[in-house]
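Sequence first, predicted coordinates after that:
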Amino acid sequence: MRDILESHLSQAHKNVFINNEIAMIHGDPSIFRMILSLQPPFSINDYRLGILIHGELQANINLVEKTITAGNLIFIGPGSIISPIHFSNDLEIYGIGLSPDFPMPFTSEQMPSAFNGQMRDFQLQTSETDIAIVRHLLEAIWSIVHQKHDYHRHTVSTIVAALMHLYNTQYQQQANLLDSSRSRDKTIFDRFLHLVNQHCQQEHQIAYYAERMCLTERYLGTVIRQNSGVTAKEWIDRALIMQAKVMLRHTDNTILQISEALSFPNPSFFCKYFKRITGLTPNEFRHSEG
């Protein structure tokens, strides 16, 4: 994202901070106007935590179209694919992104459960008090990184730990409430989507996901169709196409390289598959405007 936005940052430098370790947005939504003009979808390889103070944001996050409203805690984890759709004019959002170079406050074994990879993303409605606490923590980091000398990385890392603990507490509380009311079929659907987002580049067939979930292909397919109105194969196709679009838009990889990365038998098969679903060849999509 830093590479994509670098040439545009002069337009929003007062409300955006980016270095090699962290990125921050400070209220103003102008950065989102830039992102919408830069041909989504985008692949996210860092941890992103934010709060929405005012307004509304619509985006496709990991295959699911979501509407995020004021009072939401927002988490988007590594490996996510995002395609922003729309945001209201009164949008006010604060957040931080932590790159792989950032000195994380936890080892992989100590990572709070909300961030251990089982969830790619979540958005939680929470209290005004918790929103205020998160904003205070983000404001503290914002002040530290804007000091003239090199910012104190250990202090920022410690504040990030507090931020992640707060998110984790909210996630666990709401997850427990959801688990008590969520049906078995909805649990199966959520687990299926999680696996598809993780493994679609290598695994294109429903048989793999059924085996991972200890279900028959027929039963899994029935549950997915009944819960979403979309077949399991179509969800896998959506995930694959989203991955392909990211590579076509935001890498210089050849069609052969993309075909291999997505585990297609050859570029010809990949091109026919892509055109059948999108109506465009990979090259036509790569050079299209939108």
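Yep, it's here.

Give the buried residues for the lengthiest helix in the chain.
For the chain, the helix with the greatest residue count under DSSP state H is helix 153-181. The neighbour-count criterion (16 or more other Cβ atoms under 10 Å) identifies 156-157, 159-160, 163-164, 166-168, 170-171, 175 as the buried residues of helix 153-181. Every C-beta, even on glycine, is put in place using the N, C-alpha and C of the backbone.

what is the mean pLDDT for that helix?
Along helix 153-181, the predicted local confidence has a mean pLDDT of 87.

Begin at 790 from now on, thanks
Will do, 790 is the new start, and the previous item becomes helix 942-970.

quick one: secondary structure of residue 809?
When the structure is reduced to helix, strand and coil (DSSP: H, G, I helix; E, B strand; the rest coil), residue 809 reads as coil.

and residue 812, which of the three is it?
Reducing the assignment at residue 812 to three states with three-state DSSP gives strand.

residue boundaries of the helices in the stretch 790-939 of the chain?
Defined through DSSP state H, counting those that start in this stretch, the helices belonging to the stretch 790-939 of the chain, from first to last, are 791-794, 819-826, 917-934.

thinking again about what came up before, quick one: the longest helix of the chain to helix 917-934, angle?
Note on geometry: by axes from the mean of the first three to the mean of the last three Cα atoms, to 10 degrees, helix 942-970 and helix 917-934 are set 160 degrees apart in direction.

beta partners for the spatially most central residue of the chain?
For the chain, the residue whose C-alpha lies nearest the mean C-alpha position (Cα atoms, centre = their mean) is residue 869; its distance is 3.5 Å. The residues listed as beta-bridge partners of residue 869 by DSSP bridges are residue 833.

give me every residue that touches it.
Contact partners of residue 869, counting by Cβ atoms under 8 Å, 6 or more residues apart in numbering, are 832-833, 850-851, 909-910, 986.

farthest-separated two in those?
832 and 910 (13.1 Å; Cβ to Cβ).

what residue ranges in the stretch 890-1039 of the chain score low on pLDDT?
Under the criterion of pLDDT under 70, the regions of the stretch 890-1039 of the chain flagged as low confidence span 937-938, 967-971.

can you rerun that using 90?
Counting by pLDDT under 90, the ranges of the stretch 890-1039 of the chain that qualify are 890, 896-899, 902-903, 905-909, 934-942, 961-976, 979, 1016, 1038-1039.

Break down this structure into its strands, ranges please.
Using DSSP state E, the strands of the chain run over residues 805-807, 811-816, 831-833, 836-843, 845-850, 853-858, 861-865, 869-876, 881-887, 910-914.

What is the distance between the third one and the centre of its chain?
Distance of strand 831-833 from its chain centroid, counting by Cα atoms, centre = their mean, to the nearest Å, is 7 Å.

who's in contact with residue 1062?
Counting by Cβ under 8 Å, 6+ apart, the residues that residue 1062 touches are residue 1053.

what's the distance between it and residue 1056?
Shown here: residue 1062 relative to residue 1056, a distance of 10 Å by Cβ to Cβ, to the nearest Å.

now swap in residue 892 and tell me
From residue 892 over to residue 1056 the distance is 41 Å, taken as Cβ to Cβ.

which one of these two has more residues nearby?
Applying other Cβ atoms under 10 Å to residue 892 and residue 1056 shows that residue 1056 carries more neighbours, namely 16 against 11.

list the contacts for that one?
Applying Cβ under 8 Å, 6+ apart to residue 1056 gives the contacts 1044-1045, 1048.

Nearest residue to it in space, please, no chain neighbours.
Spatial nearest neighbour of residue 1056, excluding adjacent residues (Cβ to Cβ, 6 or more residues apart in numbering): residue 1048 at 4.5 Å.

do residue 978 as well
Among residues not flanking residue 978 along the chain, residue 1016 sits closest, at 4.3 Å (Cβ to Cβ, 6+ apart).
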